[in-house]
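In: What would the 3D arrangement of this be:
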Amino acid sequence: MAALRYVNRCWRKSHLCVGQEPVQAITFGIFPLSSTLGFVEVVSESRTLRELSEGVPFNERQWRVLRALNQDARKLDRLAASVCAYLTSSYILGIRDGHDDNLMLRRDGRLFRVDFGFAFGRTPEIDAPGLFVPNAVFLALGEARWQQVVASCKAALHVLGTDREKPPGWECLVKMQPVTVPELKCLLPEVHDYTKSLSYSSFEDQVERACDWTLQRAAKNTLREALRYVTAEQEVEDNAWLGVLDPFGLLTADTPPAAPVTAVTLQASPAPSVDANRRRGFMTVYSNPKIGKKV
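Out: I've put the predicted structure just below:
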């Protein structure tokens, strides 16, 4: 997240915009308690793309983003600027494992990514293309705004590296490391190996094809839906430790809360709904065993 904040500063200094909207990635607080456990700040008034599809007929889901933004031109301009930030930052940081549960849309139109468990080119067993734009987002943007995004992505990457003899993003990552992301120092060999695989021409090609439909991404979202349907209720019933990882009762709203943890004192009234928690800006707990290193 510190890396995204640094990248945002670079874009602000260059006054990079899509239309009249500045290119900026949404950032939020992440407070690690260990290498696999911590708190993540809730971004208010935002929903995942999967949540936007709830209750929507299958043959109308491609319009869910456009409807969520009420076809508002200003919000769609913000969407375009945030898609540029999302694609460019995902490329230089090697963010993978994208799906409808970790892409979110804020009420003001900004799209952003959550879950950075796979970075610098590391991938899960089943993965979508490195850069992609969901069809619902592409249709909301329309062809004219999409072409603005494609052009702005090229400019956004060039801002992050002025030395054309070095891989895209390497100069930016090295500069940010001593000041804002000291934890990145131990990862520099991995970062360097990853950035050596990057190129401006490859990025431009991937951006232009990011809106194409792919079987891998469709299969990934379908598989996640099937697993959620089969395991959701049983998982809450069988895992008592969810109460420890879920002090506000987000996952166990219909069951009594677990006993409080000795190390952390948390006073909670009967668990409100997930939407209520988001409105109140509560912190939610994550547990990510995929993360082997601190990024």
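In: so what's residue 80 up against?
Out: The contact partners of residue 80, by Cβ atoms under 8 Å, 6 or more residues apart in numbering, come to 18-19, 21, 141, 145-146, 148-149, 152. Heads up, the C-betas are built off the backbone N, CA and C, glycines and all.
In: Actually, residue 49.
Out: Per Cβ under 8 Å, 6+ apart, neighbours of residue 49: 64-65, 100-101, 103-105, 134, 136-137.
In: Tell me which helix or strand the spatially closest residue to it that is not a sequence neighbour sits in.
Out: Nearest residue to residue 49, sequence neighbours excluded (Cβ to Cβ, 6 or more residues apart in numbering): residue 100, at 4.2 Å. Following DSSP states H and E, there is no helix or strand that holds residue 100.
In: wouldn't residue 100 be in contact with residue 54 here?
Out: No - assessed by Cβ atoms under 8 Å, residue 100 is found out of contact with residue 54, at 10.9 Å.
In: Comparing those two, which shows the higher neighbour count?
Out: Remark: of residue 100 and residue 54, residue 100 carries more neighbours, 20 against 10, as counted by other Cβ atoms under 10 Å.
In: Check the burial of residue 21 by counting its neighbours.
Out: Residue 21 has 21 neighbouring residues, counting by other Cβ under 10 Å.
In: now residue 12
Out: Neighbourhood size, residue 12 [other Cβ under 10 Å]: 12.
In: Secondary structure element for it, which one?
Out: Using DSSP H and E, residue 12 falls within helix 2-13.
In: which other helices and strands contact that helix?
Out: helix 73-93, helix 135-159, helix 170-179 (3 or more Cβ pairs under 8 Å, 6 or more residues apart in numbering; DSSP states H and E).
In: any idea of the angle that helix forms with helix 135-159?
Out: For helix 2-13 against helix 135-159, the angle by axes from the mean of the first three to the mean of the last three Cα atoms, to 10 degrees is 70 degrees.
In: what's the next helix or strand after helix 2-13 in contact with?
Out: Following helix 2-13 in sequence order, the next helix or strand is strand 17-18 (DSSP H and E). If you take Cβ under 8 Å, 6+ apart as the criterion, strand 17-18 is touched by 23, 77, 80-81, 84, 145, 148-149, 152.
In: quick check, nearest of the contacts of residue 49 to residue 170?
Out: residue 103 (26.4 Å; Cβ to Cβ).
In: Out of the contacts of strand 17-18, which two sit at the greatest distance?
Out: Greatest spacing in the contacts of strand 17-18, by Cβ to Cβ: 23 and 145 (13.3 Å).
In: higher neighbour count, the two?
Out: Each of residue 23 and residue 145 has its neighbours counted (other Cβ under 10 Å); residue 23 has more, 28 against 20.
In: from what I can see the more buried one touches residue 11, true?
Out: Yes - counting by Cβ under 8 Å, residue 11 is a contact partner of residue 23 at 4.9 Å.
In: Find residues that contact each of those two.
Out: By Cβ under 8 Å, 6+ apart, the residues touching both residue 23 and residue 11 are 85, 156.
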